[in-house]
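**Q** Whatever this is, show me its structure:
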Amino acid sequence: MKIIVDAMGGDNAPESAVIGGALAAKEYGEQVMLVGQPDTVAEILKKRGMQDTNGLTIMPASDLVDMHDDPATVLRKKPDSSMAVAFKLLKAGEGDALVSAGNTGALLTGATLFGGRIKGIRRGALAPVMPCSGGQVMLCDAGANTECTAEMLLQFAFLGSLYAEKINGVKNPRVGLVNNGTEDTKGDPLRKEAYALLQKAGDEGRLNFVGNVEGSMVPLGACDVAVADGFTGNVMLKTIEGVAKFMAGQIKGVFTRNTATKLGYLACKTGLDEFRDLFNQDKIGGAPFLGIAKPVIKAHGSSNEIAVMNAVRQAIAYTKSGMIHEVEQNIQYMTVE
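**A** Numbers count the residues shown, from 1 in each chain. From the prediction side, this is the model:
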């Protein structure tokens with residue numbers, strides 16, 4: 001298996017992407033292709049004594065995509081960027097999956113144009129996982145599609161449920177529809193139509209649909225997969241991230257107030273470290289673009305080398321899972337006549 005890594009994408013690239021890819025090749029025993037400026041990539045590997053890592057190759061790309069580039073046109077305007085070259089390699093079958101911490105919009109555009117959607121899937125969806133009471137919850141979609149149809153939400157539910165089961169190891173994942181109330185009569189026309197489709201899939205035993213879930217219920221573990229349009233999902237994701245940072249800052253302020261509270265911190269340090277670890281995105285690695293015909297993993301922009309390594313792990317697990325084939329075989333249940 002060969003995983004393609006965009007070596008120039010992300011806030012901490014190229015070093016984090018290069019070393020993360022090298023660590024993944026060493027740790028997981030799969031081939032990793034680093035796409036970027038060859039001299040730069042080689043120098044980083046040499047500096048860290050990893051130039052002879054087994055399974056590691058370098059593919060040249062002279063340019064890069066940054067966060068200020070127009071996502072819709074950048075891959076056409078920068079055909080020799082690391083991301084564009086990486087997608088060309090994926091399309092040509094020279095790699096099995098792609099990992100990048102680069103521009104999210106450009107990555108989605110590339111995944112759709114070069115990876116292609118699974119036949120019958122209307123749109124690809126970004127599906128990160130977040131900590132919640134009792135474990136993790138996958139949010140699908142979290143920003144790829146700001147406007148959706150009920151059929152798209154149905155497909156997000158199936159895609160998220162399959163990923164949660166096959167890659168994240170959740171048995172019979174509970175699927176909830178993010179709404180402004182739990183009653184089946186709540187929501188706008190989109191949510192009501194989507195509810196009916198999801199309920200039908202639940203009654204047929206194809207989804208473990210648990211109904212509507214309010215935003216406050218998602219972090220409390222009401223479901224394993226939270227289905228939303230990209231606008232709602234992205235607002236929810238950013239709100240939860242902001243609240244987590246705010247709470248962490250407030251807790252730190254409490255414990256650094258005076259000598260007595262600092263001593264109290266030492267007594268609580270283990271528990272606080274565990275709390276902080278819940279929000280450690282480096283351990284997760286990234287978020288998959290679901291519905292794309294080839295595995296594409298979006299590592300978060302500020303990924304360090306450990307996060308990139310874990311994103312490669314995700315890509316390997318996704319490729320081996322057979323999920324994409326299962327979606328292809330069951331697409332008839334995910335479409336509306």
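
**Q** Would you map the strands across the stretch 51-200 of the chain?
**A** Remark: strands assigned in the stretch 51-200 of the chain by DSSP state E, counting those that start in this stretch are 56-60, 97-100, 125-126, 129-132, 135-140, 174-178.

**Q** These: lowest mean pLDDT?
**A** Among the strands of the stretch 51-200 of the chain, strand 129-132 carries the lowest mean pLDDT, at a mean of 92.

**Q** coming back round to it: a markdown table please, covering the strands of the stretch 51-200 of the chain and showing distance to residue 91 and mean neighbour count.
**A** Where C-beta positions appear, they are placed from N, C-alpha and C, glycine not excepted. Putting these into a markdown table (distance: least, CB to CB, whole Å; neighbours: other CB atoms under 10 Å) gives the following:
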| stretch | distance to residue 91 | mean neighbour count |
| --- | --- | --- |
| strand 56-60 | 14 | 17 |
| strand 97-100 | 10 | 31 |
| strand 125-126 | 20 | 29 |
| strand 129-132 | 27 | 21 |
| strand 135-140 | 24 | 24 |
| strand 174-178 | 32 | 25 |
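
**Q** how about those in TSV, adding distance to residue 219?
**A** Converted to TSV, the strands of the stretch 51-200 of the chain look like this (distance: least, CB to CB, whole Å):
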stretch	distance to residue 219
strand 56-60	39
strand 97-100	27
strand 125-126	19
strand 129-132	5
strand 135-140	8
strand 174-178	12
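
**Q** Which of those strands sits closest to residue 116?
**A** Taking CB to CB, strand 97-100 is the member of the strands of the stretch 51-200 of the chain nearest to residue 116, at 12.7 Å.

**Q** strand partners of the closest one, parallel vs antiparallel please.
**A** Strand 97-100 sits in its sheet next to strand 2-6 (parallel), strand 296-299 (parallel), going by DSSP bridges.

**Q** Can you check which of those strands gets nearest to residue 146?
**A** Across the strands paired with strand 97-100, closest to residue 146 is strand 296-299 (CB to CB), at 16.8 Å.

**Q** now the next helix or strand after the closest one and strand 2-6, what's the angle there?
**A** Reading on from strand 296-299 to the C-terminus, the next helix or strand found by DSSP states H and E is helix 305-321. Orientation of helix 305-321 against strand 2-6 (axes from the mean of the first three to the mean of the last three CA atoms, to 10 degrees) gives an angle of 140 degrees.

**Q** Which stretches in this protein count as helices?
**A** For the chain, the helices defined by DSSP state H occupy 15-28, 38-47, 74-77, 82-91, 104-110, 150-166, 189-203, 230-255, 259-278, 281-284, 305-321, 323-329.

**Q** With only the CA atoms kept, save the second one in CSV.
**A** C-alpha atoms of helix 38-47 as CSV (Å, rounded to 0.1, in the frame of the first residue of the first chain):
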residue,chain,number,x,y,z
PRO,A,38,12.9,17.6,-3.4
ASP,A,39,15.8,19.5,-2.0
THR,A,40,13.8,20.8,0.9
VAL,A,41,12.3,17.4,1.7
ALA,A,42,15.6,15.6,1.5
GLU,A,43,17.3,18.2,3.8
ILE,A,44,14.7,17.8,6.5
LEU,A,45,15.0,14.0,6.4
LYS,A,46,18.8,14.3,6.6
LYS,A,47,18.6,16.7,9.5
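
**Q** what helices or strands is that helix leaning on?
**A** Under the contact criterion of 3 or more CB pairs under 8 Å, 6 or more residues apart in numbering; DSSP states H and E, helix 38-47 touches helix 15-28, strand 56-60.

**Q** what's stretch 52-64 in contact with?
**A** Stretch 52-64 is contacted by residues 4, 8-9, 13, 21-22, 25-26, 29-38, 41-42, 45, 50, 78, 80-86, 89, 102 when judged by CB atoms under 8 Å, 6 or more residues apart in numbering.

**Q** can you give me the offset of stretch 246-263 from its chain's centre?
**A** Mean-position distance between stretch 246-263 and its chain equals 32 Å (CA atoms, centre = their mean, to the nearest Å).

**Q** same question, stretch 134-141
**A** 11 Å.

**Q** Could you count how many residues lie near residue 196?
**A** 13 (other CB atoms under 10 Å).

**Q** okay, the residue nearest to residue 120 when sequence neighbours are not counted: pLDDT?
**A** Distances taken as CB to CB, 6 or more residues apart in numbering put residue 331 closest to residue 120, at 3.8 Å, once the chain neighbours are dropped. Note for residue 331: predicted pLDDT of 96.

**Q** Same question for residue 146.
**A** We have a pLDDT of 91 for residue 146.

**Q** didn't it look like it was pressed against residue 229?
**A** Yes: contact criterion CB atoms under 8 Å: residue 146 and residue 229 qualify, at 6.8 Å.

**Q** More neighbours: which of those two?
**A** Neighbour comparison, residue 146 and residue 229: the larger count goes to residue 229, with 23 against 12 (by other CB under 10 Å).

**Q** Next, the contact list for the more buried one, please.
**A** 141, 145, 146, 147, 148, 152, 153, 190 are the contacts of residue 229 under CB under 8 Å, 6+ apart.

**Q** which residues are contacting stretch 191-208?
**A** 150-151, 153-154, 157-158, 161, 172-175, 177, 179, 184-185, 187, 209, 211-212, 227, 333, 336.
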